[in-house]
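>>> take a look and give me a structure for this.
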Amino acid sequence: ETEITGVTNLVYKHNGLEVAQKLTDVQHRNYGLIIASLNDHLDEHNCLEAVMLKGKAGEVQRIADSLISTRGVKHGQFVATTTGTTL
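Reported below is the predicted structural model:
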């Protein structure tokens with residue numbers, strides 16, 4: 001499969017259902033494909049987390065889907081792009 005890179009954006013309520021820990025667990029299980037993550041406290045209740053991934057398209061999409069479908073995530077979106085090597 002083609003190697004891609006992308007960002008998964010997640011909004012979740014930080015004090016409910018231990019969402020932050022669940023998201024961290026997914027990232028640790030897939031550490032080889034996670035480039036970085038960034039967390040921002042949007043307000044007293046909501047967090048935005050951006051998780052950057054790089055790897056084979058199918059694997060990256062699987063991880064993004066897993067993060068987005070984590071119970072407690074209010075909104076999630078994956079944006080994929082090229083690694084630039086074929087441009």
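>>> who does the helix or strand containing Val60 touch, helix- and strand-wise?
Element membership for Val60, per DSSP states H and E: helix 57-68. Where contact means 3 or more CB pairs under 8 Å, 6 or more residues apart in numbering; DSSP states H and E, helix 57-68 is packed against strand 3-13, helix 19-29, strand 46-56, strand 73-82. (Each C-beta comes from the backbone N, C-alpha and C, glycine too.)
>>> how about the ones you listed, which one is nearest Leu38?
Evaluated with CB to CB, these place strand 46-56 nearest to Leu38, the distance being 4.7 Å.
>>> quick one: the closest one to strand 73-82, angle?
Here strand 46-56 runs at 30 degrees with respect to strand 73-82, directions being taken by axes from the mean of the first three to the mean of the last three CA atoms, to 10 degrees.
>>> which outside residues touch strand 46-56?
Counting by CB atoms under 8 Å, 6 or more residues apart in numbering, the neighbours of strand 46-56 from elsewhere in the structure are 1-14, 20, 23, 27, 32-42, 60, 63-64, 67, 74, 83.
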